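> Requesting a structural model of the entry that follows:
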Amino acid sequence: MFGLSRLFNRSSPQDRFAREVMDRLAAVTQGTTYEYEPALFRLRAPDGKIIFLDNAYSECSRTSGLQRKKVLTSFLAGMAPSDIPADFDDARAHILPVLRHVAGLESVQLESKPDPIASIWAEFPMQPFSGDLAIAMAFDSENAVHQVGKSVLDKWQRPLDEVLAIALDNLRAKAPAQFELHAPGLYVSRYGDYYDASRLLLPELAWQLPVRGTPVAMVPNRMCLLVTGENDIEGIAAMIATAEKILIDDSRPLGSEMFRAVDQGWKTWQPDGDNGVHLHNLQLRMRASDYAQQKRALEHRMSLTGEDVFVATFTVAQRQDIERFHSLSVLTKGADTLLPKTDLIYLTILETKETVSVPWPVFEHIAGYLLEPLPVVLPRYRVRHFPTDDEMERLREA
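Predicted structure coming up:
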């Protein structure tokens, strides 16, 4: 107890926030005692449940007074025991769809679940939507919103597709279209009910807006749906700039993909010209953020297992006089490495101080047998050995 007292008497605002959350959780969760893990800035319950504090701390740090209290109350409500009915008929009117950022969800799982690495799709009932996003289900009660997990879906004895269809109908009936003109040609949702992004799943709403050409959209966080037209260069530029600010500033970013309406749904889409470069650079920065989360989670797992494996960094770089960013990672001779998939690989030999940079497809063609894929959403490979001398010569030539 003395050690814990000393820990929370330190000046770190993160530690003080953790103490505040623990005190309030004791009441919300009927006296459950949580262990604080400062290195990962999270709480652990006796049953193994993990509560990550990063997002709540970030949101509370940007607010004060009544708004801060509201944010913290909402966060704590989500930690309370789930009140999802076991009978599907009692729950169906309160089921709504939510978009989830799969890489972020997987990083949480990597930090909180023991070996072996489990598939994110086996852990959570979700339907893939795009490269970054998946459609999950939430039970929206009076006090909190809880994601519907596999155990609840098993109790309901309903297939995922059926429950998602009901969730979409509930969302469609929840409120009429509410958009306002944010900039010339750019419309922003104004529902304010935390399901703005989910309305991307109702493409008919975007078709009702007076945009130039086929609708295109972005969902930078759960409270924002941006829509403009594919022929509106200024509208697309404003949409990317707005999404960038939200993605960088918000504690709960959702996705940086841009979507173009097609038939009764959406497909990922990239604009041409300067807008395309700006969007590519933004997406690469967000990918770097996702990989940083994954790196932290994998390093934590390695520390528990005692494995001596280097988790390489996904780095974003820019060549001189070239506006478009690229990604790179480093593979060092003699280091057992978990390598992210990047545009370039820097092959480094410390003894001779030599570094050879090669495009990923070239490395894959010449020494692809060294890449052992991990069962994770963000591509990462275990590389136990360095290319042979003959392979290095071919890579130098390439």
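> which parts of the helix or strand that contains Arg16 are buried?
Using DSSP states H and E, Arg16 sits within helix 13-28. For helix 13-28, burial by neighbour count (16 or more other CB atoms under 10 Å) applies to Asp15, Phe17, Ala18, Val21, Met22, Leu25, Val28. (C-beta placed from N, C-alpha, C; glycine too.)
> so where's the stretch 51-200 of the chain uncertain?
74, 77-82, 114-116, 143 (pLDDT under 70).
> After the helix holding Arg16, which helix or strand is next?
The helix or strand immediately downstream of helix 13-28 is strand 35-37, counting by DSSP H and E.
> Pull the distance from that following strand to the chain's centre.
Taking CA atoms, centre = their mean, to the nearest Å, the mean C-alpha location of strand 35-37 is offset from the chain mean by 23 Å.
> That strand packs against which elements?
helix 13-28, strand 42-44 (3 or more CB pairs under 8 Å, 6 or more residues apart in numbering; DSSP states H and E).
> and if we set it to 10 Å?
When contacts are defined as 3 or more CB pairs under 10 Å, 6 or more residues apart in numbering; DSSP states H and E, strand 35-37 sits against helix 2-8, helix 13-28, strand 42-44.
> rewinding a little: for the buried residues of helix 13-28, work out which two are farthest apart.
Within those, Asp15 and Val28 form the most distant pair, 20.2 Å apart (CB to CB).
> which residues touch the closest residue to Arg324 other than its chain neighbours?
Distances taken as CB to CB, 6 or more residues apart in numbering place Val277 nearest to Arg324, at 5.2 Å, with adjacent residues excluded. Neighbour list for Val277: Gln270, Pro271, Ile322, Glu323, Arg324, Phe325 [criterion: CB atoms under 10 Å, 6 or more residues apart in numbering].
> Give me the buried entries from those.
Buried subset of the contacts of Val277 (neighbour count, 16+ other CB under 10 Å): Pro271, Phe325.
> Just flag the most distant two among the contacts of Val277.
So, the contacts of Val277 by CB to CB: farthest apart are Pro271 and Ile322, at 18.7 Å.
> mind showing which ranges of the stretch 201-350 of the chain have poor pLDDT?
251.
> hey, where'd the helices end up in it?
Per DSSP state H, counting those that start in this stretch, the stretch 201-350 of the chain carries helices over the ranges 204-207, 233-249, 273-305.
> Just name the most buried of the ones you listed.
Comparing the helices of the stretch 201-350 of the chain by mean neighbour count (mean count of other CB atoms under 10 Å), helix 233-249 ranks first with a mean of 19.
> Against which helices or strands is it packed?
So helix 233-249, by 3+ CB pairs under 10 Å, 6+ apart, packs with strand 179-183, strand 186-189, strand 215-221, strand 224-229, helix 273-305.
> burial count for Trp269?
Neighbour count for Trp269, taken as other CB atoms under 10 Å: 17.
> Phi first, then psi, for it.
Here is the backbone geometry of Trp269 (degrees, to the nearest 10): phi -150, psi 150.
> same question, Asp343
Main-chain dihedrals, Asp343, degrees, to the nearest 10: phi -60, psi -40.
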